[in-house]
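>>> attaching a predicted model along with its sequence, questions to come.
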Protein chains: 2
Amino acid sequence: MRYTSAAIEALIEEFAKLPGIGRKTAQRLAMHILHEQPGEVGKLAKALMDVKERVISCSICQNVTDQGDDPCSICRGSNRDKSVICVVESPTDVLAFEKTAQYRGLYHVLHGVISPLDGIGPDDIRIKELLARLSPEDDVKVMEVIMALSPTVEGETTVLYISRLLKPLGVEVTKIARGIPVGAELEFIDEATLSRALEGRSVL
Amino acid sequence: MRYTSAAIEALIEEFAKLPGIGRKTAQRLAMHILHEQPGEVGKLAKALMDVKERVISCSICQNVTDQGDDPCSICRGSNRDKSVICVVESPTDVLAFEKTAQYRGLYHVLHGVISPLDGIGPDDIRIKELLARLSPEDDVKVMEVIMALSPTVEGETTVLYISRLLKPLGVEVTKIARGIPVGAELEFIDEATLSRALEGRSVL
């Protein structure tokens, strides 16, 4: 069953293409747009186009940045430790690390992980851009590369692949600890996590 | 904490203004847009503007329709019983009735209900447009007006208000039945609904 307006139906169809938005939610959003101020809707439409037209990858860390703002604000940061690079899968992961306010090094965003089943090989993600950052000619030598990918099969494969490439370059490669999340109850932790936590135990 | 792209932040902010969409969902949607084809994003942006620019109210039933498509497809329908008008609150309610494939009359969309607490009086919803449809000069006389508003205080107030206006015009005013929803278990029905179901009992 369809609305008596083709324009509303078209908008519902477009909304329903977004991830996690079904037909019912799309209808509610379209009704909201219908009653919203034209200026507000214009701002949403412009923001959509702006993201496609203005967002580029930082030429250093491959994180998202805007045209005319390259290298990105993190790579330009004067209070950043340029001898450490944290390798993550997506721009959202950078956000997660920045929230901790603990890490003061740089990042490298791969924009994906190696996943042969999905047809994503090493050349489809930003690995060669990472290698380019480790050339010994740079004024600040990179001492450590921290691998911070998700603990999935694809993530672990990517960690292994990259660490094999980096080790011959004389750079220390580490990976973030797997273990019990803070605040979790031991009895509800799965066996794989518990095994990793045991393996990674530290001396008090 | 913010993304290193102002354009992405702006889009997240706009998405988060939509109903039921928080910052996390807005981030996920923005990342989806970032990786989407420019053409697809353009279609969404265009659909948004189209709804603001092209959608109008049908001059008869006040339901949504497009410019150049007035009266709407339901009001124009040749297989519609033009002697019955079903009064609903919103275009989405029309959709719900059309889904039943039972009702073949016309609609009247009020675009709201009387709600003094929210500052919505009788003149703020499309009541006078409903009265205009009941003038005796029309070639097809309206015999029945079915009130199909939500069973809230505001809905019931609106039903009462409109029925008092319509009765002197010699038109039959009815309202849809309140009772047990199909498929519901009696023990889980609230008392108010059960009382209404008792009141509205019918002879077998």
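Sure thing, it's come through.
>>> okay, buried residues for stretch A:43-60 please.
When burial is assessed from 16 or more other Cβ atoms under 10 Å in any protein chain shown, stretch A:43-60 yields the following buried residues: A:43-52, A:54-58, A:60. For every residue, glycine as well, the C-beta is placed using N, CA and C.
>>> and it, does that touch chain B?
Yes: legend: contact between stretch A:43-60 and chain B by Cβ under 8 Å from any Cβ of the partner chain is shown at A:43-55, A:58.
>>> so which of those are in strands?
Using DSSP state E, the members of the residues of stretch A:43-60 next to chain B that fall within strands are residue A:55.
>>> so which of the residues of stretch A:43-60 next to chain B is the closest to residue A:30?
Nearest to residue A:30 among those is residue A:44, at 12.4 Å by Cβ to Cβ.
>>> what count of nearby residues applies to residue A:172?
Look at residue A:172: counted by other Cβ atoms under 10 Å in any protein chain shown, it has 12 neighbours.
>>> tell me the centre residue of chain A?
residue A:90 (1.4 Å; Cα atoms, centre = their mean).
>>> what is the end-to-end distance of stretch A:134-152?
From its first residue to its last, stretch A:134-152 covers 26 Å (Cα to Cα, to the nearest Å).
>>> give me the buried positions along it.
For stretch A:134-152, using 16+ other Cβ under 10 Å, the buried residues are A:134, A:142, A:145-149.
>>> what sits up against that stretch?
Contacts with stretch A:134-152, where a contact means Cβ atoms under 8 Å, 6 or more residues apart in numbering or on different chains, come from A:82-89, A:93, A:97, A:105, A:108, A:110, A:113, A:130, A:133, A:155-156, A:158-159, A:162-163, A:166, A:169, A:171-176, A:178, A:196.
>>> between the helix or strand hosting residue A:41 and helix B:38-54, how many degrees?
Residue A:41 is part of helix A:38-54, with elements assigned from DSSP states H and E. Put simply, helix A:38-54 runs at 170 degrees to helix B:38-54, going by axes from the mean of the first three to the mean of the last three Cα atoms, to 10 degrees.
>>> sorry, back to before: with distance to residue A:125 and pLDDT added, can I get the residues of stretch A:43-60 next to chain B in TSV?
As requested, these are exported to TSV (distance: Cβ to Cβ, whole Å; pLDDT from 0 to 100):
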residue	distance to residue A:125	pLDDT
A:43	33	95
A:44	31	95
A:45	31	95
A:46	31	95
A:47	27	95
A:48	26	95
A:49	27	95
A:50	26	94
A:51	21	94
A:52	21	92
A:53	24	92
A:54	23	93
A:55	18	94
A:58	15	94
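>>> among the residues of stretch A:43-60 next to chain B, which one sits closest to residue B:13?
Nearest to residue B:13 among the residues of stretch A:43-60 next to chain B, with distances taken as Cβ to Cβ, is residue A:47, at 7.7 Å.
>>> my guess is the closest one meets residue B:5, correct?
No: in this structure residue A:47 lies outside contact range of residue B:5 using Cβ atoms under 8 Å: 11.6 Å.
>>> just to revisit the earlier point, got the contact list for the residue nearest to the centre of chain A?
Contacts of residue A:90 (Cβ under 8 Å, 6+ apart): A:109, A:111-112, B:31.
>>> top of these by neighbour count?
residue A:109 (26 neighbours).
>>> from the buried residues of stretch A:134-152, which land in strands?
Using DSSP E, the buried residues of stretch A:134-152 in strands are A:145-147.
>>> any idea how far residue A:58 is from residue A:147?
19 Å (Cβ to Cβ, to the nearest Å).
>>> ok, whichever strand in chain A runs longest near chain B or not?
Longest strand in chain A by number of residues (criterion: DSSP E): strand A:81-88. No: Strand A:81-88 stays clear of chain B (Cβ under 8 Å from any Cβ), getting no nearer than 12.6 Å.
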